[in-house]
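Visitor: whatever this is, show me its structure:
(one chain, ligands or ions: 2)
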Amino acid sequence: MRLRYRARQLWHALTATPAPADLELARQTLSPAQMELFLQLQPNEQAHSLQIYRQLREPKPVDEDLLVAALLHDVGKISYPLRPWERVWIVIGKAFLPAKAVEWGQARPRGWKRPFVIAEQHAAWGADLAARAGTSPTAISLIRRHQLALNRPESDPVVSTSHENQLLQRLQLLDDES
Ligand SMILES: [Fe+2]
Ligand SMILES: [Fe+2]
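Guide: Ligands and ions are numbered 1, 2, ... in the order given. Below you'll find the predicted structure:
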């Protein structure tokens, strides 16, 4: 069942911490300004991004924009750090009332809707933060679009190259599994 999978995934997410060796690898990909953003993510969020990043480093050749996007895709979450119970709330809301979860996400990040707003809007916030840190246009676009579910392409207003869409698909697949 999807929810059981999500619950197990959530438990791993809540307890994970980044490995020092992985952080060293990230430093090879990110500029100091980007690394500063990355380190503001919560430890479990860093571990999640590093897991995707590690998988994208193989096979060669690697795409640098994709690696940067993998590390920074959730960086918008530093604006409003999620509490553990809010992560649980998101999983439950998305499992049982997916359309409502999207609707609640259009509000301001306050009160009980806050976790859904973060879930819906962190991609846009992250893209803006990444842009200010001097990130490439392709990586910014990947960050901005990473939450547009593969089955919701009609909600994507961005006209982009098919190469970029392939990168986005790889990122989303790993993001969903990690
Ligand atoms: Fe995300
Ligand atoms: Fe993610």
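
Visitor: got a list of contacts for the longest helix along the chain?
Guide: When every helix of the chain is counted residue by residue (DSSP state H), the longest turns out to be helix 114-132. The contact list for helix 114-132, computed with Cβ atoms under 8 Å, 6 or more residues apart in numbering, reads 34, 37, 68, 72-80, 82, 86-87, 89-90, 93-94, 101-102, 104-110, 139-141, 143-148. For glycine as for every other residue, the C-beta is placed from the backbone atoms N, C-alpha and C.

Visitor: mean confidence score for that helix?
Guide: Regarding helix 114-132, the rounded mean pLDDT is 97.

Visitor: next helix or strand past it?
Guide: Note on helix 114-132: by DSSP states H and E, the next helix or strand toward the C-terminus is helix 137-145.

Visitor: between that next one and helix 114-132, how many degrees?
Guide: Compare the direction of helix 137-145 with that of helix 114-132 by axes from the mean of the first three to the mean of the last three Cα atoms, to 10 degrees and you get 170 degrees.

Visitor: the next helix or strand after helix 137-145: which residues count as buried?
Guide: Beyond helix 137-145 in the direction of the C-terminus, DSSP H and E gives the next helix or strand as helix 162-177. For helix 162-177, the neighbour count (16 or more other Cβ atoms under 10 Å) marks 164, 167-168, 170-172, 174-175 as buried.

Visitor: and stretch 118-138, by the same measure?
Guide: 118-123, 125-127, 129-130, 133, 135, 138.

Visitor: kindly report the same for stretch 33-52.
Guide: 34-35, 37-38, 41-42, 44-52.

Visitor: got it, and stretch 139-151?
Guide: Taking 16+ other Cβ under 10 Å as the neighbour-count basis, stretch 139-151 is seen to contain the buried residues 139-148.

Visitor: who touches it?
Guide: Among residues not part of stretch 139-151, those counted as contacts by Cβ under 8 Å, 6+ apart are 65-66, 68-69, 72-73, 75-76, 119-120, 122-124, 126-127, 130-131, 135, 155-156, 158, 160, 164, 167-169, 171-172, 175.

Visitor: please redo it, this time with the cut-off set to 6 Å
Guide: Stretch 139-151 is touched from outside by 65, 68-69, 72-73, 123, 126-127, 130-131, 155-156, 168, 171-172, with contacts defined as Cβ atoms under 6 Å, 6 or more residues apart in numbering.
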